[in-house]
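Undergrad: Show me how the following folds:
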Amino acid sequence: MGKVLILGNGFDLDLGFKTKYKDFLESKYFPSSEDSIHGGLIEHIRQASQIKQWFDLENEIKNYAMNNQGKDSSTLKEEFNCLSQKLNEYLKSLPYNTYEASSCACKLLKVLIESQSLEIFNFNYTPFKDIFSDVIKPNISIKHVHGTINDDNIIIGIEDEVEIPEAFCFLLKSHNKHYRSVNLGESLFKNDDVIFFGHSLGLTDYYYFSNFFLTQSGNIRSENIVKKKITIVTYNYESAENILLQLRKMNNKSTLRLFENNDLRIYCTKEKDSVTQFNSYLGELRDDIKKENLELAKMKKKSGIRYR
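TA: All right, here's what the predicted structure looks like:
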């Protein structure tokens, strides 16, 4: 038994917060030309954002590092630190006192918090506990994978697998002084019900999920593949297609087996038919949590642990 909820930026967007990288780029907080070394990282990001419909800040940091390996590392580090600081300032400037209570994100959270065995892994930098101070219960485990603006320790960067000069290693998330292990991989295997909301499963976060999806699709030898409930909530059919492509890359083109070995569902918050299905799913989830809590109560009573 047990449920794990993984939150990406789509969760904050569904709540109505302006947390897209594009929002940051178009704000007064994005580094000015005075902060940019001519032809440097910040200028590359500014130009990339103008020509790309879909923009990922971390992916552009990676592209710049891979294509400019002869650049001076000290100037790159200066711009990278400036970028991180300005992003932190932008996110701190946003109002978090109200959110869309009718959103799919809010509806899902309000169902899940009734679970006695819920873990939350939040990839967002926003102040989750403050936003939901009237909702979150003290027994729920919440881990911010890449830090929060409340602690001024947000982590941006690229994945370890990228081939870059050693002098550029400060760009790696794992080399950030604030990085700490959150044991996400362990939780994915430990819990029977895995729910993603608003996470793109993109390249920069592959290392958190690839082993799990490889195992659940049968690509890693295991005596018994434990069937999981895997629910992915995304924006629309286009983003759902992109997630399927990411899964295809992560599980060695075995997405069909991933579906067959698990109860895998994908819902889209901006597609009418899919929202109807999502609401039905919430009903199933609510019933499942009631049964799960009763079972936990029996187990704790049998073992002599007081159940609250």
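Undergrad: Can you list the neighbours in contact with stretch 228-240?
TA: 10, 13, 104, 108, 192-198, 200, 216, 243, 258, 262-271, 274, 278, 281 (Cβ atoms under 8 Å, 6 or more residues apart in numbering). Bear in mind the C-beta positions are built from the backbone N, C-alpha and C, glycine included.
Undergrad: Just the terminal-to-terminal distance for that stretch.
TA: 19 Å (Cα to Cα, to the nearest Å).
Undergrad: what is the mean pLDDT for that stretch?
TA: Averaged across stretch 228-240, the pLDDT comes to 96.
Undergrad: How about stretch 138-148?
TA: Throughout stretch 138-148, pLDDT has a mean value of 92.
Undergrad: List buried members of the contacts of stretch 228-240 by neighbour count.
TA: 10, 13, 104, 108, 192-198, 200, 216, 243, 258, 262, 264-269, 271, 274, 278, 281 (16 or more other Cβ atoms under 10 Å).
Undergrad: Name whatever forms a beta bridge with the spatially closest residue to residue 182 that is not a sequence neighbour.
TA: Spatial nearest neighbour of residue 182, excluding adjacent residues (Cβ to Cβ, 6 or more residues apart in numbering): residue 143 at 4.5 Å. When assigned by DSSP bridges, residue 143 has beta-bridge partners residue 121.
Undergrad: all helices of the stretch 101-250 of the chain, in order?
TA: For the stretch 101-250 of the chain, helices defined by DSSP state H, counting those that start in this stretch occupy the ranges 104-112, 128-131, 184-190, 206-216, 237-250.
Undergrad: If you count neighbours, what's buried in the longest one?
TA: I take that to be helix 237-250. 239-240, 242-243, 246-248, 250.
Undergrad: what does stretch 68-77 give?
TA: For stretch 68-77, using 16+ other Cβ under 10 Å, the buried residues are 68, 71, 73, 76.
Undergrad: What is the lowest-pLDDT residue among those residues?
TA: residue 71 (86).
Undergrad: Please enumerate the strands of the stretch 51-200 of the chain.
TA: Counting by DSSP state E, counting those that start in this stretch, the stretch 51-200 of the chain has these strands, from start to end: 118-122, 141-144, 193-197.
Undergrad: The ones you listed into JSON lines, with extra columns for distance to residue 166?
TA: Converted to JSON lines, the strands of the stretch 51-200 of the chain look like this (distance: least, Cβ to Cβ, whole Å):
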{"stretch": "strand 118-122", "distance to residue 166": "30"}
{"stretch": "strand 141-144", "distance to residue 166": "29"}
{"stretch": "strand 193-197", "distance to residue 166": "34"}
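Undergrad: could you point out where the stretch 151-300 of the chain is predicted with low confidence?
TA: 221-224 (pLDDT under 70).
Undergrad: give me that answer again for 80
TA: Across the stretch 151-300 of the chain, the ranges flagged by pLDDT under 80 are 219-225, 300.
Undergrad: measure stretch 145-164 end to end?
TA: End to end - Cα to Cα - stretch 145-164 spans 23 Å.
Undergrad: Just to check, residue 2 is in contact with residue 189?
TA: No: counting by Cβ atoms under 8 Å, residue 189 is not a contact partner of residue 2; they are 10.5 Å apart.
Undergrad: residues in contact with residue 268?
TA: Contacts of residue 268 (Cβ under 8 Å, 6+ apart): 233-237, 239-240, 274-275.
Undergrad: ok, how many other residues are close to the spatially closest residue to residue 8 that is not a sequence neighbour?
TA: Among residues not flanking residue 8 along the chain, residue 199 sits closest, at 3.0 Å (Cβ to Cβ, 6+ apart). Residue 199 has 23 neighbours, counted by other Cβ atoms under 10 Å.
Undergrad: Please tell me I have it right and residue 199 contacts residue 123.
TA: Yes: counting by Cβ under 8 Å, residue 199 touches residue 123, with 6.3 Å between them.
Undergrad: Pull up the overlap in contacts between those two.
TA: Counting by Cβ under 8 Å, 6+ apart, the residues touching both residue 199 and residue 123 are 6-9, 205.
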